[in-house]
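**Student:** With the input below, show me the fold.
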Amino acid sequence: MSAPASEREATGVFSPGRARILARTLRVDRWWLSPLLTTLGLATFIVYATVRAFVRSAYWVEEYHYLTPFYSPCLSESCVPGSSHFGTPFPELPMWIPLNFLILPLLLGFRVTCYYYRKAYYRSIWLSPPACAVAEPHGRYTGETRLPLIIQNAHRYFFYAAVIISLINTYDAILAFHGEGGGFGFGLGNVILVVNVTLLWAYTLSCHSCRHVTGGRLKHFSAHPIRYWIWTQVSKLNTRHMQFAWITLGTLMLTDFYVMLVASNTISDLRFVG
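**Tutor:** The predicted model follows:
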């Protein structure tokens, strides 16, 4: 429900100190293009990830131990043999429950509460605001003080979970150096898996919460030179956090798609060793 007229006229673009302009904006450039592309990009990943999460096929390559990150870790007896690197503590699951049901909510929570993604979907989907000098359609602003947005404050805890998940993905990438007949093996799939997990680490460690963990609550950096050095390195990564956020969405889909193609025998993995 929109705010009363008297309340709207006293705030934001309707405040007495602002010019009375009937048009939503006087901008003549394509200001709508950026929010549109952001919405399309996020929607593409959500649709792809949702479909792949429920398909339950072509996620494990037995010959080379390739496991797509969308199904890691696979902890159910419904998982195909060999794909459960950490055992199967859960029984068979009905088809409406994703095999990676334990990790997906944590990954989703980390991305949704991410400071950059908040900016992205606040502006592009909720239009709050969609662009500079463009009035937003909302009459009131309560910030992140009420449900469900108050959950955004749990971002640092999702960060801790993301670190553990990145360790699991790293373990998967190491196990994938497996030859067809056993022993060491190395192929294009290994390159894709390693690049993906490296970029996931870059995205995770460039998080604002990581900066807080490494250098927050310190009154004197000079008294903590090691933490100060770590904080400066994380801060350098943090300047590229937006780029890593988008790049890792692409590498996650690319990695999953490649593993799917190899697992379904659509293509053969390009092998360099073994």
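
**Student:** Show me the shaky parts of the stretch 51-200 of the chain.
**Tutor:** Applying pLDDT under 70 to the stretch 51-200 of the chain flags no residue at all.

**Student:** in it, which spans are strands?
**Tutor:** 60-61, 66-67, 186-187 (DSSP state E, counting those that start in this stretch).

**Student:** winner for burial among those?
**Tutor:** strand 66-67 (a mean of 28; mean count of other Cβ atoms under 10 Å). For every residue, glycine as well, the C-beta is placed using N, CA and C.

**Student:** Show me what that one pairs with in its sheet, parallel or antiparallel.
**Tutor:** Sheet pairing here is set by DSSP bridges, and for strand 66-67 it gives strand 60-61 (antiparallel).

**Student:** Touching the strand it pairs with from outside, list them.
**Tutor:** 66-68, 71, 74, 79-80, 82-83, 189, 259, 262-263, 269 (Cβ atoms under 8 Å, 6 or more residues apart in numbering).

**Student:** if we can go back for a sec, with distance to T251 added, can I get the strands of the stretch 51-200 of the chain in JSON lines?
**Tutor:** Below are the strands of the stretch 51-200 of the chain laid out as JSON lines (distance: least, Cβ to Cβ, whole Å):
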{"stretch": "strand 60-61", "distance to T251": "18"}
{"stretch": "strand 66-67", "distance to T251": "15"}
{"stretch": "strand 186-187", "distance to T251": "17"}
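
**Student:** Out of the contacts of strand 60-61, give me the two with the largest separation.
**Tutor:** Within the contacts of strand 60-61, C79 and D269 form the most distant pair, 20.9 Å apart (Cβ to Cβ).

**Student:** how far is stretch 139-150 from where the chain is centred?
**Tutor:** A distance of 22 Å separates the centroid of the chain from that of stretch 139-150, by Cα atoms, centre = their mean, to the nearest Å.

**Student:** Using CSV, write out the CA atom coordinates for that stretch.
**Tutor:** Backbone C-alpha positions of stretch 139-150 (Å, rounded to 0.1, in the frame of the first residue of the first chain) are rendered in CSV as follows:
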residue,chain,number,x,y,z
GLY,A,139,6.6,6.0,-1.2
ARG,A,140,8.3,4.8,1.9
TYR,A,141,11.8,3.5,2.8
THR,A,142,12.4,1.4,5.9
GLY,A,143,15.9,0.2,5.1
GLU,A,144,17.0,-3.2,6.3
THR,A,145,15.2,-3.0,9.7
ARG,A,146,12.2,-5.3,9.0
LEU,A,147,11.7,-8.8,7.7
PRO,A,148,12.7,-10.0,5.3
LEU,A,149,15.5,-7.5,4.7
ILE,A,150,16.7,-7.6,8.3
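
**Student:** buried set for that stretch?
**Tutor:** Across stretch 139-150, burial judged by 16 or more other Cβ atoms under 10 Å covers G139.

**Student:** Could you do stretch 95-105 as well?
**Tutor:** Those buried within stretch 95-105 under the rule 16+ other Cβ under 10 Å are 98-100, 103-104.

**Student:** Arrange the residues you listed in JSON lines, one row each, with distance to H212 as further columns.
**Tutor:** Listed next are the buried residues of stretch 95-105 as JSON lines, based on distance: Cβ to Cβ, whole Å:
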{"residue": "P98", "distance to H212": "31"}
{"residue": "L99", "distance to H212": "33"}
{"residue": "N100", "distance to H212": "28"}
{"residue": "I103", "distance to H212": "23"}
{"residue": "L104", "distance to H212": "25"}
